[in-house]
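Need a 3D model of the sequence below.
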Amino acid sequence: MAGNSQEDHLNALTRVMQAKGWDKRQLAQAVGVPYGTVRRWFSAGSSRRPEGANLRRVRAFLEGESAVDRGLEVLWNQIRDWWREQHRFATVDALADAIGWDGQSLSACLGGETPPPRLVVERLAQEAGLKGGDEPSAEETQRRVERVKHIISLLLDDLAWFRDSSAIPREVLRASLNFKDVGYCATLLMSLAEEGQFLRWRALTTHRPEGQGH
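As a prediction, this is how the structure comes out:
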């Protein structure tokens, strides 16, 4: 997590941009701040810094990134343990070939000389068969993916009908909906665009939908 000063936050945002290969527009979208505002923060000679609601968004964003980094660190330690014990790959070069990377760079990472790129950690985890606690099967995941896609398709069709209808059907719908749940679903779906964004959403969201299993 970044330090408490505004300059520390900007330095931390710069490191995130460099690590992800983002430009300022992509950073603005991820943080949830207008692009022009982010551009002014980083303009040479500008005294504009994150404050108020924007500062809270920046802090939440950086906390989410820290959570992702901590998860990757735990996973990387598991990968290094696996590498010391496994017998599938006789050399680092053989493992590097399997994940599409070069052996010299992988050797430096496994030896603790340089931090591994996130994509390399993810590919090595797949190669090692490492999963989270109760990771669902690929079949279960795909089944739920298809169901969500189908539900969204149906929802878009019905919402288009209400959009193009008269005010009376919309009033009936309006009276029937819990708009806290509507907001929860909308922001959850938007947050799923990127894991760090999702972790920030999960950390900041206090609403729980009605019904079981939520």
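
what is the mean pLDDT for the helix of greatest length in the chain?
Using DSSP state H, we find that the single longest helix of the chain is helix 52-85. This predicted structure assigns helix 52-85 an average pLDDT of 83.

Which elements pack onto it?
helix 6-20, helix 24-31, helix 118-128, helix 195-204 (3 or more Cβ pairs under 8 Å, 6 or more residues apart in numbering; DSSP states H and E). Bear in mind the C-beta positions are built from the backbone N, C-alpha and C, glycine included.

helices and strands around the first one, which ones?
Packed against helix 6-20, as judged by 3+ Cβ pairs under 8 Å, 6+ apart, are the following elements: helix 24-31, helix 52-85.

CA atoms of the first one as PDB?
What that stands for is helix 24-31. The C-alpha trace of helix 24-31 is given here as PDB (Å, rounded to 0.1, in the frame of the first residue of the first chain):
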ATOM      1  CA  LYS A  24      -3.200   7.700 -18.300                       C
ATOM      2  CA  ARG A  25      -6.600   7.200 -19.900                       C
ATOM      3  CA  GLN A  26      -6.600   3.500 -18.900                       C
ATOM      4  CA  LEU A  27      -5.600   4.400 -15.400                       C
ATOM      5  CA  ALA A  28      -8.400   7.000 -15.200                       C
ATOM      6  CA  GLN A  29     -10.900   4.300 -16.300                       C
ATOM      7  CA  ALA A  30      -9.600   1.800 -13.700                       C
ATOM      8  CA  VAL A  31      -9.600   4.300 -10.800                       C
END
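
Distance from the chain centre to that helix, please.
For helix 24-31, the distance from its own C-alpha centre to the chain's C-alpha centre is 13 Å (Cα atoms, centre = their mean, to the nearest Å).

I would like the residues contacting that helix, please.
13, 16-17, 20, 22, 34-35, 37-39, 42, 57-58, 61, 194, 196-197 (Cβ atoms under 8 Å, 6 or more residues apart in numbering).

and residue 102, how far is that from residue 110?
Applying Cβ to Cβ, to the nearest Å, the value for residue 102 to residue 110 is 13 Å.

repeat for residue 83
Computed with Cβ to Cβ, the distance linking residue 83 and residue 110 is 6 Å.

More neighbours: which of these two?
For residue 83 and residue 110, the more surrounded residue by other Cβ atoms under 10 Å is residue 110, and the numbers stand at 19 against 16.
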